[in-house]
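K.L.:
coords please:
(one chain, ligands or ions: 1)
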Amino acid sequence: MEILIRESQEAGCLLGARIIAKLVREKPAAVLGLATGRTPLRLYQELIRLHREEGLDFSRITTFNLDEYVGLPATHPQSYRWFMDEHFFRHINIDRRQTHVPDGTAADLHAECRAYERKIADAGGIDLQLLGLGRNGHIGFNEPTGSLRSRTWIKILSEQTLRDNSEVFGSLEAMPRHAITMGVGTILDARRCLLLAFGPAKALAVVNMIEGPLAAMCPASALQMHPRATVILDESSSAALQYADHYRWIDQHKLDWQKHP
Ligand code: GLP
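P.N.:
Below is the predicted model:
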């Protein structure tokens, strides 16, 4: 795991955007795995700026989002399809038909999960999977105790996750209780993973993910098994790490080819 601690969420998001932009420039037909939530918003804004001001070209990019609430149609403002269109896709030159979000309204949700896995495989797999981190250590909607080898499936949302995400729904009662999510195994198949976590609320999950044991109680700890996982933190999300100085040391002594743009 590569751990990059930056002074602020702003700096962390700009770094994340540069890593993705570099991939898009090097591989114009790359397959990107994308995430929703508050964490990556600034990163998407920066990619939009790079598109507008520097001509960053998304015309051949394919995307797969991590997850979607069960029962919410694409027209629902709290659906993740809506989120992605609103905060990213409609501002760049991506072919919307090349953007994929699981369909939470599918009549046969199991078939939808299988089809999603097939579409990822048909696209050649995911080059880079962007991830946020739940306060309880979830990635996508893979809640604690879920299998670390899972494929795209239907998950029951934990009370903590419902509370954390209820703000935008107005109330907890208005929230779906289930979601379709890429499995942890699906995520680990991406050729590269880039996880962002900012703010004090994520500090405990960050410790469990990086310094805790590999454990289904912290699904994000599965990234310890990934050959190319990068984690971007800020001061407050990294505050509880025991070996923060070590991660900073490593970051400061990178060889030229290991340095980030
Ligand atoms: C949600 C999403 C995750 C996201 C996480 C953190 O439940 N399913 O993909 O990473 O919560 O959200 P936020 O970035 O808003 O803190």
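
K.L.:
by contact count, what packs against the helix ranked longest in the chain?
P.N.:
For the chain, the longest helix by residue count, based on DSSP state H, is helix 9-26. Applying 3 or more C-beta pairs under 8 Å, 6 or more residues apart in numbering; DSSP states H and E, one finds that helix 9-26 contacts strand 31-34, helix 41-54, strand 128-131, strand 193-197, strand 229-233. Just so you know, the C-beta spots here come from the backbone N, C-alpha and C atoms, and that holds for glycine as well.

K.L.:
TSV for those, including distance to the ligand?
P.N.:
Below are these laid out as TSV (distance: least, C-beta to the nearest ligand atom, whole Å):
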stretch	distance to the ligand
strand 31-34	10
helix 41-54	8
strand 128-131	6
strand 193-197	8
strand 229-233	13
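
K.L.:
make JSON lines out of the ones you listed and add mean pLDDT and mean neighbour count.
P.N.:
Formatted as JSON lines, those follow (pLDDT from 0 to 100; neighbours: other C-beta atoms under 10 Å):
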{"stretch": "strand 31-34", "mean pLDDT": "98", "mean neighbour count": "24"}
{"stretch": "helix 41-54", "mean pLDDT": "98", "mean neighbour count": "18"}
{"stretch": "strand 128-131", "mean pLDDT": "98", "mean neighbour count": "25"}
{"stretch": "strand 193-197", "mean pLDDT": "98", "mean neighbour count": "26"}
{"stretch": "strand 229-233", "mean pLDDT": "98", "mean neighbour count": "25"}
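
K.L.:
dump those into CSV; add distance to Ser8 as well.
P.N.:
Formatted as CSV, the helices and strands packed on helix 9-26 follow (distance: least, C-beta to C-beta, whole Å):
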stretch, distance to Ser8
strand 31-34, 22
helix 41-54, 10
strand 128-131, 19
strand 193-197, 12
strand 229-233, 11
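
K.L.:
isn't Ser134 up against Ala205?
P.N.:
Careful, residue 134 is Gly; it's not Ser. Yes - in this structure, Gly134 is within contact of Ala205 by C-beta atoms under 8 Å, at 6.8 Å.

K.L.:
residues near the one residue in the stretch 51-200 of the chain that gets nearest to the ligand, how many?
P.N.:
Per C-beta to the nearest ligand atom, Gly132 is where the stretch 51-200 of the chain lies closest to the ligand, at 2.3 Å. Around Gly132 there are 20 other residues, counting by other C-beta atoms under 10 Å.
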